[in-house]
Structure formats: C-alpha cells, structure tokens
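S.K.: Predicted coordinates and the sequence they were generated for:
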Amino acid sequence: MKPSTPLRIVAILMAVGDIGHTSGVLRTIPRSLAGGGLLQPLQDFHIVMMGTSRTHWDFYVGFGLAVTFQFLTVAGLAWLTANLADTDPPRAKPFIYLLLAAQTAGLVIGYVYFFAAPLVMTLLTMICLVWSLVKLRMIGSAASGTREVRDGRSATGLDAA
C-alpha cells in the first residue's frame with residue numbers, strides 16, 4: 001500500500017467533517033437558541049470594533065463559516081501531502097507532523113467544548129496520520145537498506161565478499 005493512502009483517507013474524513021459542520025452552520029437558526037430565548041440577545045448585543053458594529057450572532061455565524069473553510073483547507077493540504085508522500089517522502093513528513101499537531105490540539109478542544117462526533121473524526125484522522133508516518137518510515141528503512149546493498153555493503157555493515 002502506498003503512503004498516500006492514509007493521507008487520502010484524512011482528506012476524505014476532513015471533507016466529511018466539513019459537510020457535517022457546514023450543514024450545522026448553514027441550516028436555519030438552531031432551535032435550541034430560538035426556543036431557549038438565547039437568539040434575540042445574541043442578535044441584539046452589539047460590539048463596535050474598528051468602527052464596525054457586529055453582534056454576537058455575527059461572530060457565531062462568521063466563525064462557523066470560517067471553520068468550514070478551514071476544514072476544506074486541511075482536506076486540500078492532506079490531499080497535496082499525499083501526492084508528495086508518493087513522490088518525495090522526506091518532504092511530506094513536516095506537513096504530516098503539522099497536520100498531526102493541529103489534530104492533537106483539535107482533540108483537546110473537542111474534548112473540552114464539543115461532543116462525540118468531532119472527537120471520533122479527530123481520532124480517526126490522527127490514526128491515519130500516524131499510519132502514514134509509519135508507512136513513510138517503512139519506505140525510508142527499505143530505501144536505506146537498498147542503498148547499503150548498492151554501495152557494496154551488506155545490511156549488517158560488513159563488506160560483501
């Protein structure tokens with residue numbers, strides 16, 4: 001199996017997460033806010049920043065949409081990293097570590113502030129990222145073993161007779 005496979009799974013998981021997140025952000029006003037009497041205060045409380053008046057509701061919607069595009073960005077980055085993992089594995093590793101660090105932070109944030117679905121998606125994503133690092137390490141080990149044999153040395157470090 002290619003090292004790009006788990007990274008492509010990451011991209012797909014992020015796209016699915018994006019669809020789930022976007023459907024929650026773009027649907028009509030959440031019933032819990034409207035029914036609980038919380039929507040009106042969010043829409044009425046204005047903050048003036050840098051000469052612009054915004055409500056808490058504006059921030060709620062704006063941050064929700066920003067996260068939607070962040071999901072798409074991470075999905076695209078994972079897909080591009082998958083291409084790199086197949087063609088130039090050493091150059092792919094920093095991107096994978098960056099994605100893994102971001103998902104680790106996301107796991108902590110999800111645990112503190114959200115619910116099971118984002119946690120499961122984040123854990124699956126992290127598993128795939130670690131899997132891709134293992135695949136890249138295996139390829140690196142195999143390549144260095146091949147290089148040693150090509151250089152006239154055995155894998156034990158003794159000269160070939």
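M.R.: That came through fine.

S.K.: Which of the three states applies to residue 2?
M.R.: coil (DSSP: H, G, I helix; E, B strand; the rest coil).

S.K.: What sits closest to it if chain neighbours are left out?
M.R.: residue 86 (5.6 Å; C-beta to C-beta, 6 or more residues apart in numbering). C-beta here means a position set from N, CA and C on the backbone, and glycine is covered the same way.

S.K.: Now do the contacts for the one you found.
M.R.: 2-4 (C-beta atoms under 8 Å, 6 or more residues apart in numbering).

S.K.: What segments of the protein are helices?
M.R.: Remark: helices assigned in the chain by DSSP state H are 4-26, 31-35, 39-44, 56-87, 89-113, 116-150.

S.K.: Determine how far the last one lies from the middle of the whole chain.
M.R.: Spelled out, that is helix 116-150. In terms of C-alpha atoms, centre = their mean, to the nearest Å, the centre of helix 116-150 is found 15 Å from the chain centre.

S.K.: that older thread, out of the helices of the chain, nearest to residue 50?
M.R.: helix 56-87 (13.7 Å; C-beta to C-beta).

S.K.: Which helix or strand in this protein has the lowest average pLDDT?
M.R.: helix 31-35 (a mean of 69; mean pLDDT, DSSP states H and E).

S.K.: rewinding a little: kindly reformat the contacts of residue 86 as a markdown table containing pLDDT and distance to residue 109.
M.R.: Shown next, in a markdown table, are the contacts of residue 86 (pLDDT from 0 to 100; distance: C-beta to C-beta, whole Å):
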| residue | pLDDT | distance to residue 109 |
| --- | --- | --- |
| 2 | 91 | 31 |
| 3 | 89 | 28 |
| 4 | 95 | 28 |
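
S.K.: Any stretches of the chain with poor pLDDT?
M.R.: 26-34, 144-161 (pLDDT under 70).

S.K.: follow-up on the earlier one: could you dump the helices of the chain to a markdown table with distance to residue 50?
M.R.: Output for those, formatted as a markdown table (distance: least, C-beta to C-beta, whole Å):
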| stretch | distance to residue 50 |
| --- | --- |
| helix 4-26 | 24 |
| helix 31-35 | 27 |
| helix 39-44 | 21 |
| helix 56-87 | 14 |
| helix 89-113 | 27 |
| helix 116-150 | 32 |
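
S.K.: tell me the most buried of those helices?
M.R.: Most buried of these, by mean neighbour count (mean count of other C-beta atoms under 10 Å): helix 4-26, with a mean of 18.
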